[in-house]
Every structure is written in structure tokens, then in C-alpha cells.
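**Student:** Below: sequence and its predicted model.
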Amino acid sequence: QGVDCCLAAHIWPQLALGKVGIKSGPLMAATDRFKIFLKGRGGHSSQPHLCDDVLGAVAELALILPREAGGRMNPALPGVLSVCCIQAGHTFNVMPETAQLWGCCRGFHPEVYLAWKKAIEGICAGTAAAYGLEYELVYMPGHGAVNNDPAISNAVGRAAVMTVGAENVVEPQLSMAGEDFACFQEEAPGCLFFLGCGQDGTKGLHSPEFIFDESVLATGCNIFCRAALEILRAD
């Protein structure tokens, strides 16, 4: 409430230490989550004719969802669906009666990220029918895409040049990772920029072995302060 603009920084191992990544427009993707529940007849593995192949169905969904759901999207617009967790069965000789599959889907354009649910639903319905199973799709919309305001991005760019020099300010690639700073940008124009922290051996974000040089945080603070002055000066 009453905020004119917003700024954010994200440490980024894909950029070398000392580099700052600034890009106007789309930068990070909208991210949604989903769970699929399957249910059929379980039973002993010696009597598969009296059971439903719940495990086969969830395995097939894991294979075809990324390909088939993505194939229903405009190929000119980036998007990705990932299956990341499957839970089914509890021992070697019992065919399970239930299975769960969890995943996420991403995109930059509403044409993509608002269409994932319908695409997933259609594939689930067809697969469940083919295997004679009941299914439930629980779709959990997340946040939108990070979309940096041009004027504020320019101000941050000037601040970054003053802080690290023009040779160290670069335009980063689009990232399919999500960032809930997008929720702030729905309320006020803003810019998220990347603070490079990559060095030899640096692990990826969210790795339990991820360690970074904390001096980049001071660089970020300097950019924040100078960007605020640049934006106020423009007003």
C-alpha cells in the first residue's frame, strides 16, 4: 500500500562472482504445482488379473506428462513441466491400490501458464480411463512471472555501473526458476537483479553444499542505495 516501486536482488551462481545481471521485461517464470492421485484395485502380484495396474499408470503419466502437456503449448513461448516425486506401493509382492505423482509447471506468458491445468487434466483423464482407475488432480496455482519494469531496470542498471563498472553489468538469460517477488510486482512496478556468485566448484542454488562469497551482499546493498537515489532523482 502506497509503494511507488520495489527492488530485489537474488544471488546467482550462473553468473561469475563480481558480475551483476539486469534485464528489462520477463526474467523468471511463473510457477504452479500439482498432485495427481490414482486409485484402483490392489492385490497380490500372483493375481494381476484381479488387480488394476496403478503402478503402470503412474509410471506412464511420469513419462508422457512432460512431453504431451508441453506439446499442447505454443512452441514459440517457453514453458516446462517437471515430474519430481512418485509414491506407490510398499513391498515387493503386492500391487498397490493407490499412487501419487507430484510435479510443477512453469512459463513466462499467460498463454502458457494459464493453460497447464487443462492440459494436465486431459492427459490424466485419458490415462485413468485406459487403466480403469479413478483419479484426482489437485492443481495449486503459484505466483506469476517476474517481469521487470523498463524504467526501474534502467535506474538499477545505472546504479550497478556506478558500483561494479560497466564491464561487469550483463544481461542474464531467462530463468525457468520462479521467484515470489512477482507478487510484489503485481502491486507496484519493480526490478529484480542477479548478483553473480559463481566460482570454480560453486554448487547450484538449493544444493545442501551451496556456499557463496558473502561480499556480494555488500555489492547488492550498494546497488539498492544508488538505485533508490536514481529513482528518486528521476521523480
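**Tutor:** That came in fine, so what should we check first? Numbers count the residues shown, from 1 in each chain.
**Student:** partners of the strand ranked longest in the chain, with directions?
**Tutor:** Secondary structure of the chain per DSSP state E: the longest strand is strand 25-39. In the sheet, strand 25-39 lines up against strand 98-107 (antiparallel), strand 134-143 (antiparallel), strand 146-148 (antiparallel), strand 175-178 (parallel) (DSSP bridges).
**Student:** Tell me which of these sits most buried.
**Tutor:** strand 146-148 (a mean of 24; mean count of other Cβ atoms under 10 Å). C-beta: built from backbone N, CA, C; applies to glycine.
**Student:** Packing partners of the helix or strand following it?
**Tutor:** Following strand 146-148 in sequence order, the next helix or strand is helix 150-164 (DSSP states H and E). Secondary-structure packing of helix 150-164 (3 or more Cβ pairs under 8 Å, 6 or more residues apart in numbering; DSSP states H and E): strand 20-21, strand 169-170, strand 190-198, helix 215-234.
**Student:** Figure out which of those is closest to residue 58.
**Tutor:** Among these, strand 190-198 comes nearest to residue 58, with 36.5 Å by Cβ to Cβ.
**Student:** export the longest strand of the chain as PDB, just CAs?
**Tutor:** C-alpha atoms of strand 25-39 as PDB (Å, rounded to 0.1, in the frame of the first residue of the first chain):
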ATOM      1  CA  GLY A  25      11.000  -7.400 -19.100                       C
ATOM      2  CA  PRO A  26      10.500 -11.100 -18.300                       C
ATOM      3  CA  LEU A  27      13.200 -12.700 -16.200                       C
ATOM      4  CA  MET A  28      11.900 -15.600 -14.000                       C
ATOM      5  CA  ALA A  29       9.000 -17.900 -14.700                       C
ATOM      6  CA  ALA A  30       5.500 -18.300 -13.200                       C
ATOM      7  CA  THR A  31       5.400 -21.500 -11.200                       C
ATOM      8  CA  ASP A  32       2.500 -23.800 -10.300                       C
ATOM      9  CA  ARG A  33       2.400 -27.100  -8.500                       C
ATOM     10  CA  PHE A  34       0.200 -30.200  -9.000                       C
ATOM     11  CA  LYS A  35      -0.600 -33.500  -7.400                       C
ATOM     12  CA  ILE A  36      -2.300 -36.500  -9.100                       C
ATOM     13  CA  PHE A  37      -3.900 -39.200  -7.100                       C
ATOM     14  CA  LEU A  38      -4.700 -42.600  -8.700                       C
ATOM     15  CA  LYS A  39      -6.900 -45.400  -7.200                       C
END
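**Student:** Tell me the gap between it and the middle of its chain.
**Tutor:** Mean-position distance between strand 25-39 and its chain equals 7 Å (Cα atoms, centre = their mean, to the nearest Å).
**Student:** With stretch 83-98 instead?
**Tutor:** Distance, centroid of stretch 83-98 to centroid of chain: 27 Å (Cα atoms, centre = their mean).
**Student:** Show me which positions of that stretch end up buried.
**Tutor:** Counting neighbours by 16 or more other Cβ atoms under 10 Å, one finds that the buried residues in stretch 83-98 are 83, 86, 88, 89, 95, 96, 97, 98.
**Student:** Packing partners of the helix or strand of the chain with the lowest mean pLDDT?
**Tutor:** Every helix and strand in the chain was compared by mean pLDDT, DSSP states H and E; the lowest is helix 70-71, with a mean of 82. Counting by 3+ Cβ pairs under 8 Å, 6+ apart, the packing neighbours recorded for helix 70-71 are strand 79-88.
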